[in-house]
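Chemist: pasting a predicted model and its sequence here:
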Amino acid sequence: MFYSTPNTYNLKPVLYFDAHTHLNLQFEKDWQAVGERAFEEGVSFVNIGADLASSQKALEQAEFFGDGGFCSVGLHPTDGRLVDFGEITTLAEDPKVVAIGECGLDYFHCADEPERRAQVELFKKHLDLAFVLNKPLMVHCRPSVGTFDAYEDLFQILREYQDLGKLPRFNMHFFVGDWLMAQKFLALGGYLSFPGVITFSEQYGEIIKKMPLNRLMSETDAPFAAPVPFRGKRNEPAYVKYVAEKIAELRPETRAVVLAALVQNAQEFFSL
Ligand SMILES: [Zn+2]
């Protein structure tokens, strides 16, 4: 629709998977080259929308990348309240859209009670859409400093949906909770994905080591949060290999088993 001749870059075997990336942000001039570089290195990725414009852009870019292009559409909790959700619904039906989100709760940027309630309502719209379309949910959840408040609230909502038999498959992206909190989301059938932060912080080692391997995914959240050795620079999907290698180091299984699982888990999660 945006490009008459879709490209087919993804001819190489997939060695690594970036489950959450934003080629639609800060890559205005070189997103094609950045995507091609990822494919060259055997990296597959899902390009995540965070508001209406970046969701449209994510879909446009997925079309451009042909067989290797996948995206997700949704409204970040702090960015979406003024958007007509019907626009997201329409985009979400496209077969290139393999997940709904990112969506969720962000109390780090919001202390105001009415606004938090509005975030809950917006999140539920995404949950309903994911369930109806049978697509998985890409969840953003960030608590206020020194608490797990947003995780607690989000967990209650997911449990309500589970009780109703309406809980879609979901991933907690950029997970920053503790092992206790991780177990709650895992018990609901959730996946957890970790970004480059794990290459310079020991904080998530316990969760990565202990959680079931088949619910674990690697991500970059590019252009943010670049892993060592690119810390502080612009991040990109190709760098997910540093995240995956770190996960492999932390896990009890062999490196080959872990790297294969990280690809397979993402392919299963997104139904690719
Ligand atoms: Zn993101």
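Modeler: Here it is on my side, so go on. Numbering: from 1, shown residues only.

Chemist: and D178, what does it touch?
Modeler: Residues near D178 by Cβ atoms under 8 Å, 6 or more residues apart in numbering: 148, 207. Where you see a C-beta, it was placed from the backbone N, CA and C, and this is true even at glycine.

Chemist: for it, give me phi and psi.
Modeler: Note on D178: its backbone torsions stand at phi -100, psi -180 [degrees, to the nearest 10].

Chemist: how near is F155 to G69?
Modeler: Going from F155 to G69 by Cβ to Cβ, to the nearest Å gives 33 Å.

Chemist: same deal with F224?
Modeler: 21 Å.

Chemist: returning to what we had before: between F155 and G69, point out the one with more neighbours.
Modeler: G69 (26 against 20; other Cβ atoms under 10 Å).

Chemist: do me a favour and get the end-to-end distance for stretch 81-95?
Modeler: 25 Å (Cα to Cα, to the nearest Å).

Chemist: contacts for it next, please.
Modeler: Residues from elsewhere that reach stretch 81-95 (Cβ under 8 Å, 6+ apart): 49, 51-52, 55-56, 59, 73-75, 97, 100, 118-119, 122, 125-126, 129, 133, 135.

Chemist: which of those residues are buried, as a PyMOL select command?
Modeler: The buried subset of those, as determined by 16 or more other Cβ atoms under 10 Å, is captured in PyMOL by this line:
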select buried, resi 49+51+52+55+56+59+73+74+75+97+100+119+122+125+126+129+135
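
Chemist: quick one: the strands in the stretch 151-272 of the chain, in order.
Modeler: 170-172, 191-194, 216-218 (DSSP state E, counting those that start in this stretch).

Chemist: V14: which of these is closest?
Modeler: V14 lies closest to strand 216-218 among these, at 12.0 Å (Cβ to Cβ).

Chemist: where are the low-confidence patches of the stretch 151-272 of the chain?
Modeler: Nowhere does the stretch 151-272 of the chain drop to pLDDT under 70.

Chemist: the stretch 1-150 of the chain: helices as residue ranges?
Modeler: Along the stretch 1-150 of the chain, counting by DSSP state H, counting those that start in this stretch, helices occupy 31-40, 52-64, 85-92, 113-133, 149-163.

Chemist: need the winner for burial among the ones you listed.
Modeler: Highest mean neighbour count among the helices of the stretch 1-150 of the chain (mean count of other Cβ atoms under 10 Å): helix 52-64, with a mean of 22.

Chemist: that one packs against which elements?
Modeler: Contact here means 3 or more Cβ pairs under 8 Å, 6 or more residues apart in numbering; DSSP states H and E; on that basis helix 52-64 packs against helix 31-40, strand 43-48, strand 71-73, helix 85-92.

Chemist: in JSON lines, list the ones you listed along with mean pLDDT and distance to T21.
Modeler: Formatted as JSON lines, these follow (pLDDT from 0 to 100; distance: least, Cβ to Cβ, whole Å):
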{"stretch": "helix 31-40", "mean pLDDT": "95", "distance to T21": "8"}
{"stretch": "strand 43-48", "mean pLDDT": "97", "distance to T21": "5"}
{"stretch": "strand 71-73", "mean pLDDT": "98", "distance to T21": "10"}
{"stretch": "helix 85-92", "mean pLDDT": "97", "distance to T21": "18"}
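
Chemist: turn those into TSV, including distance to P143.
Modeler: Compiled in TSV, the helices and strands packed on helix 52-64 are given as follows (distance: least, Cβ to Cβ, whole Å):
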stretch	distance to P143
helix 31-40	31
strand 43-48	20
strand 71-73	22
helix 85-92	25
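
Chemist: what's the closest of these to T147?
Modeler: Per Cβ to Cβ, nearest to T147 of these: strand 43-48, 25.4 Å.
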